[in-house]
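**Q** With the sequence up front, the predicted model follows.
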Amino acid sequence: MKVSFFPGCSLEGTAREYGESIDAVSCFLGIKLEELPGWTCCGASAAHCINEFLSVSLPAKNLLLAEKLNHDLVTPCAACFNRLKNAEKTLIKESQQTDAATPFRGEINVLHLLEFFSREDLIETIKEQVKRPLSNLKVVSYYGCLLVRPPHVTDAKNWEDPQALDNLISLMGGETIFWPYKTECCGGSLLLTNIDIVRRLIGRILDMAREAEADCIVTACPLCQANLDTRQEEIGKAKGVTYNLPIFYFTELLGLAFGLKGTQKWFRRHLVDPRPLLKTKKLI
Amino acid sequence: METKLISLPVTVNRDTRFRDLVVEAVGETIFSCYQCYKCSAGCPVAFAMDLLPHQVIRSVLLLQKGKALSSRTIWICASCETCTTRCPNEIDIAKVMDVLRQIQVESGTEAKEPRVPIFHKTFLNTIKRFGRIHELSLLTNFLRKSGGIRDNFKSGEWKNDLRLGIKMFLRGKLKLLPSSTKGIEALRKLFDQAEEHKKS
């Protein structure tokens, strides 16, 4: 199974352990994620906020590269996924309206890594490969905004109560807890400009996870993970509480459940160290 | 019982260009807004806004260009797409915010939250320069251009930032140098085309 892989800019920096765990897990499952040669940034929030032309042409450039290779394009970042999907829909619509031959034929699929791992054949393989079930681990799934919204762009089926992460956690033997903040916004796009707003948004999410009595939060987006992981200490201090809630990438938990070596290297990169929790649960 | 007629403001013979620009981008559905408040009720950042999302839509329809463009709201909107997803009239409200931001930036006047457009411009410049986002370059350039270093010293925020920066570095999450990207010329052409687009 071969697909083109669009890592997105964070995987080289703040989301390094996401990249490392994706490599390890996909290699273990025999999936070839081939990095899209010459990929460039999707433009993220900045482009759609102030420059309409770039908001489509930046991701479109990558779609055209991927279509040349004729493999589906998979990305692990919710923001990249959203911009790529938006460009895909815009290009297809334009070609219908103008009747002109667009260079993009729309013959490849754009998928988020979570969708890709939720394909039936892969689900079966994952189920077979779970060697160390995540017993007693209570998890809340956090999907964030751009993985599911708006559904006319993302093609999400359950945008108010998505299930893909919860299904994977159950497959791995973990316990998923229902909570109302699965798709609540963490304020990622305002992180560097309006930190006070972002702290309030993150604080609400962390509070709700605590109220749900979760041991940890699982994410499928480098921006969500970084946002929820890095600010817990300062938010907790201001409120007089200690959160200490590990924020996992779903691929890290897959690696753990498969019994892969080297998982501790990923966990060491977290600001909230998940190892004490995993030790008490006898998972490492 | 006598029926009372309510008089609503009617716009006659006024400059509709501002509204037309928004309609062109988001479609005719915007006219079907009946002020149900659903967008504002679900908005996670409504607490920080000066105009609530349903009021922004109203101000566009009433041709209140200044009110919409000078609002804090258009910059505080986090683009989470909750409003667009839930609108019963299928109005792409998040896209309305985008269009208003774009018109505001083109107008050349100062935004109510100037740091946000400065951040977006720095972000796009980083892409133009390296092809991808190098986080450390983005951060330092943004701090320099927005006067963030001075502000952070005043507010004491620098202590948090420094502590976080050191932790990220020790965990191997701060990439010090940007990597080079193939095909940067084709990418820069897109930026030139974007400039031409704006002129037309």
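**A** Received it, and whenever you're ready, just let me know what you need.
**Q** Just checking stretch B:129-137 against chain A, any contact.
**A** Yes - interface with chain A: stretch B:129-137 contributes B:Gly131, B:Arg132, B:Ile133, B:His134, B:Glu135, B:Leu136 (C-beta under 8 Å from any C-beta of the partner chain). C-beta coordinates here come from the backbone N, C-alpha and C atoms, glycine included.
**Q** Redo these as a markdown table? Include distance to B:Phe169, secondary structure and pLDDT.
**A** Formatted as a markdown table, the residues of stretch B:129-137 next to chain A follow (distance: C-beta to C-beta, whole Å; DSSP: H, G, I helix; E, B strand; the rest coil; pLDDT from 0 to 100):
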| residue | distance to B:Phe169 | secondary structure | pLDDT |
| --- | --- | --- | --- |
| B:Gly131 | 24 | coil | 95 |
| B:Arg132 | 20 | coil | 95 |
| B:Ile133 | 18 | coil | 95 |
| B:His134 | 15 | coil | 94 |
| B:Glu135 | 12 | helix | 93 |
| B:Leu136 | 10 | helix | 92 |
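**Q** can you map out the strands along chain B?
**A** Assigned by DSSP state E, chain B shows no strands.
**Q** Output the below-cut-off pLDDT ranges for it.
**A** B:1, B:10-13 (pLDDT under 70).
**Q** Helices of that one, residue ranges please.
**A** B:17-26, B:38-42, B:53-61, B:65-69, B:73-76, B:82-86, B:93-107, B:115-130, B:135-146, B:148-155, B:157-170, B:184-199 (DSSP state H).
**Q** For A:Lys265, which of those is the nearest?
**A** Ranking those by proximity to A:Lys265 (C-beta to C-beta) places helix B:157-170 first, at 14.0 Å.
**Q** From the chain's centroid, how far away is that closest one?
**A** Remark: helix B:157-170 is offset 27 Å from the chain centroid, using C-alpha atoms, centre = their mean, to the nearest Å.
**Q** what's that helix in contact with?
**A** Helix B:157-170 is contacted by residues A:Thr14, A:Ile195, A:Thr230, A:Glu234, A:Leu271, B:Ile149, B:Asp151, B:Asn152, B:Leu174 when judged by C-beta atoms under 8 Å, 6 or more residues apart in numbering or on different chains.
**Q** Which helix or which strand is home to the fourth one?
**A** Secondary structure from DSSP states H and E places A:Glu234 in helix A:232-239.
**Q** Just checking: what are the partner strands of the next helix or strand after that helix?
**A** For helix A:232-239, the succeeding helix or strand toward the C-terminus, using DSSP H and E, is strand A:247-249. Using DSSP bridges, strand A:247-249 pairs in its sheet with strand A:216-219 (parallel).
**Q** CA atoms only: put the strand it pairs with into CSV for me.
**A** Provided in CSV are the C-alpha atoms of strand A:216-219 (Å, rounded to 0.1, in the frame of the first residue of the first chain):
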residue,chain,number,x,y,z
CYS,A,216,-5.2,11.8,29.4
ILE,A,217,-6.3,13.4,26.1
VAL,A,218,-5.6,12.0,22.7
THR,A,219,-5.3,14.2,19.6
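**Q** What's the mean pLDDT across that strand?
**A** For strand A:216-219, the mean pLDDT works out to 98.
**Q** Need the contact partners of that strand.
**A** Residues outside strand A:216-219 that contact it (C-beta under 8 Å, 6+ apart) are A:137-144, A:165, A:169, A:205, A:209, A:225, A:228, A:245-250, A:253, A:274, A:277.
**Q** go again using 7 Å as the cut-off
**A** Residues from elsewhere that reach strand A:216-219 (C-beta atoms under 7 Å, 6 or more residues apart in numbering or on different chains): A:139-142, A:165, A:169, A:209, A:225, A:228, A:245-250, A:253, A:274, A:277.
**Q** for stretch A:106-116, same thing?
**A** Identification of contacts with stretch A:106-116 by C-beta under 7 Å, 6+ apart yields A:22, A:66-67, A:70-76, A:78, A:81, A:84-85, A:88, A:92, A:147, A:164-165, A:220, A:250.
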